[in-house]
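Q: Kindly generate the corresponding structure for this input.
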Amino acid sequence: MQADSEPLLKDLLVVDMSQFLSGPYCSLRLLDLGARVIKIERPDGGDLSRQLYLSDTEVGGDSTLFHAINRGKESLGLDLKNAEDRSFLETLLGRADVMIQNFRPGVIERLGLDYEAVRRINPRIVYASISGYGEEGPWVGRPGQDLLAQARSGVMWLNGDEGQGPVPLGLSIADMLAGANTCQAILAALVRRGISGQGAHVQTSLLESLVDLQFELLTTHLNNGRRLPQRSGFRNANAYLSAPYGVYPARDGYLAIAMTPLGRLEDLLEIAELGAYRADPKSWFTSRDAIKKIIAARIATQTVDHWLSILEPADIWCSKVLEWPELLSSEGFKLLDMLQTVKREDNVAIDTTRCPIRINGKRPPVRRAAPLVGEHTAQIRAEFGQ
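A: As a prediction, the model looks like this:
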């Protein structure tokens with residue numbers, strides 16, 4: 001095998017003591033890049049997300065969520081109150097490159113597995129901690145859960161139309177971002193370790209990740225007299241952007257239109273009423289609800305394809321709004337090769353996504369499904385000497 005075809009993180013050992021989403025998402029990305037991930041689970045039930053159902057669908061006794069975020073990992077069942085199991089974990093950490101934990105602040109210290117304790121076992125380890133709101137302050141003891149982090153972050157006031165109240169994002173965005181940020185920090189710490197030989201403790205939280213997500217709009221807020229953003233009252237898509245930015249219902253679907261001079265739309269869509277705003281770009285924001293209603297009335301008269309046939313040749317930034325069935329059946333999506341079926345020896349198989357990163361033109365292959373609780377305990381114990 002040529003060197004450039006080997007996984008980028010080949011021979012990197014990750015001990016993942018996290019559960020639910022943020023930490024496991026981080027270790028999933030490291031696994032996709034070639035790392036070996038050993039997931040530490042309680043022997044009597046394992047990761048709580050095994051039973052965290054997004055629907056009434058389960059596969060092999062576990063939730064689809066657990067399968068999606070833990071494919072390809074190994075499961076080591078350990079009772080940390082058991083002296084022998086605790087000793088084995090310390091042996092494993094002594095040989096690991098990375099450890100990930102997302103316990104509520106204070107728990108890992110009570111377990112005696114905080115960074116300083118693990119660093120005494122292995123000075124080269126890169127130790128990653130993910131919390132809800134940081135490690136100190138009045139929110140430390142609060143549950144670090146995605147919806148609650150969204151609620152405290154301010155991000156809910158950027159979604160939905162003015163007057164709707166706060167609107168959460170329809171994804172566990174805080175968990176995913178915290179996991180991605182942690183992965184980035186781990187990789188940077190590994191680069192430095194390759195130079196200095198020293199490990200590091202990298203930390204982030206759900207709240208910090210959501211604040212960073214809002215950096216563009218928060219920076220505007222901090223520098224314009226701290227005025228609150230004003231969501232559009234009609235088809236809001238960005239609290240700070242003017243008309244026509246938004247999503248409009250057509251006769252047979254929805255059309256998204258991004259930043260576009262109103263004069264172009266007036267001409268292309270033959271909307272004479274937009275002429276009153278054409279020469280006054282400031283009005284595109286101050287009167288954006290009125291403008292959007294004019295555009296919406298015109299878009300509703302024809303199909304999405306009709307409008308695309310006019311707007312796309314004119315290089316107007318627009319798109320049909322796709323639902324999952326249409327996305328998955330589209331040629332553009334199929335060419336990305338983003339889906340796969342992962343399997344396990346007990347005939348469990350599940351369709352899921354693939355790594356979004358390509359290395360030398362190819363996606364990293366991970367074909368094995370998520371493990372059973374403690375599935376690899378015996379072989380890991382044999383490998384690491386107990």
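Q: what comes up buried for stretch 128-141?
A: If you call a residue buried by 16 or more other CB atoms under 10 Å, then stretch 128-141 has these buried ones: 128-134, 139-140. Bear in mind the C-beta positions are built from the backbone N, C-alpha and C, glycine included.
Q: and for the helix or strand hosting residue 265, what are the contacting residues?
A: Following DSSP states H and E, one finds residue 265 within helix 262-269. With contacts defined as CB atoms under 8 Å, 6 or more residues apart in numbering, helix 262-269 is touched by 243-244, 257, 271-272, 274-275, 277-278, 284, 291, 295, 298-299, 307, 310-311, 314, 316.
Q: then it to CSV, C-alphas only?
A: What follows is helix 262-269, C-alpha atoms only, in CSV (Å, rounded to 0.1, in the frame of the first residue of the first chain):
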residue,chain,number,x,y,z
LEU,A,262,-34.0,44.3,-6.5
GLY,A,263,-33.7,45.9,-9.9
ARG,A,264,-32.7,42.6,-11.4
LEU,A,265,-35.7,40.8,-10.0
GLU,A,266,-38.0,43.6,-11.1
ASP,A,267,-36.8,43.1,-14.7
LEU,A,268,-36.5,39.3,-14.7
LEU,A,269,-39.7,38.5,-12.8
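Q: could you say what helices and strands the next helix or strand after that helix packs with?
A: Counting by DSSP H and E, the element after helix 262-269 in chain order, helix or strand, is helix 283-286. Packing partners of helix 283-286 (3 or more CB pairs under 8 Å, 6 or more residues apart in numbering; DSSP states H and E): none among the helices and strands.
Q: I'd assumed residue 101 was in contact with residue 20.
A: No - Residue 20 lies out of contact with residue 101 (CB atoms under 8 Å); the separation is 11.9 Å.
Q: ok, back up a step: from the buried residues of stretch 128-141, which two are the most distant?
A: Across the buried residues of stretch 128-141, the longest distance by CB to CB is 20.4 Å; it joins 128 and 139.
Q: where does this protein have its least confident helix or strand?
A: strand 58-59 (a mean of 84; mean pLDDT, DSSP states H and E).
Q: Could I get the full set of strands for the protein?
A: Assigned by DSSP state E, the strands in the chain fall at 13-16, 36-41, 58-59, 62-63, 74-77, 98-101, 126-131, 200-205, 246-249, 254-257, 318-320, 339-343, 349-353.
Q: Any idea which of these gets closest to residue 379?
A: Nearest of those (CB to CB): strand 74-77, 8.3 Å.
Q: List the buried residues of that closest one.
A: So strand 74-77, judged by 16+ other CB under 10 Å, has buried residues 74-77.
Q: go on, stretch 318-328?
A: For stretch 318-328, using 16+ other CB under 10 Å, the buried residues are 318, 320, 322.
Q: Kindly report the same for stretch 275-291.
A: Those would be 277-278, 283-284, 287-289, 291, for stretch 275-291 by 16+ other CB under 10 Å.
Q: got the residues you listed as CSV, with pLDDT and distance to residue 39 columns?
A: CSV is the format used below for those (pLDDT from 0 to 100; distance: CB to CB, whole Å):
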residue, pLDDT, distance to residue 39
277, 96, 57
278, 94, 59
283, 96, 56
284, 96, 51
287, 97, 55
288, 96, 49
289, 97, 50
291, 97, 52
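Q: Farthest-apart pair in those residues, please.
A: Spatially, the most separated pair among these is 278 and 289, at 17.5 Å (CB to CB).
Q: what sits against the residue lying closest to residue 233 once chain neighbours are set aside?
A: Leaving aside its chain neighbours, residue 233 sits nearest to residue 162 (4.2 Å; criterion: CB to CB, 6 or more residues apart in numbering). Contacts for residue 162 (CB under 8 Å, 6+ apart) come out as 230-233, 236.
Q: ok, the residues you listed vs residue 55, which is closest?
A: Using CB to CB, residue 236 comes nearest to residue 55 of these, at 28.6 Å.
Q: quick one, what contacts that closest one?
A: So residue 236 contacts 159-162, 246 (CB under 8 Å, 6+ apart).
Q: now those: which count as buried?
A: Buried subset of the contacts of residue 236 (neighbour count, 16+ other CB under 10 Å): 159, 161, 246.
Q: Now the last one: closest residue in space, sequence neighbours ignored.
A: Of all residues beyond its chain neighbours, the one nearest residue 246 is residue 235 (4.1 Å), with distances taken as CB to CB, 6+ apart.
Q: residues in contact with that neighbour?
A: Contacts for residue 235 (CB under 8 Å, 6+ apart) come out as 161, 246-248, 292, 296.
Q: Show me which of those residues is closest to residue 94.
A: Nearest to residue 94 among the contacts of residue 235 is residue 247, at 53.8 Å by CB to CB.
Q: what pairs with the residue lying closest to that closest one once chain neighbours are set aside across the strands?
A: Nearest residue to residue 247, sequence neighbours excluded (CB to CB, 6+ apart): residue 256, at 4.9 Å. Counting by DSSP bridges, residue 256 is bridged to residue 247, residue 319.
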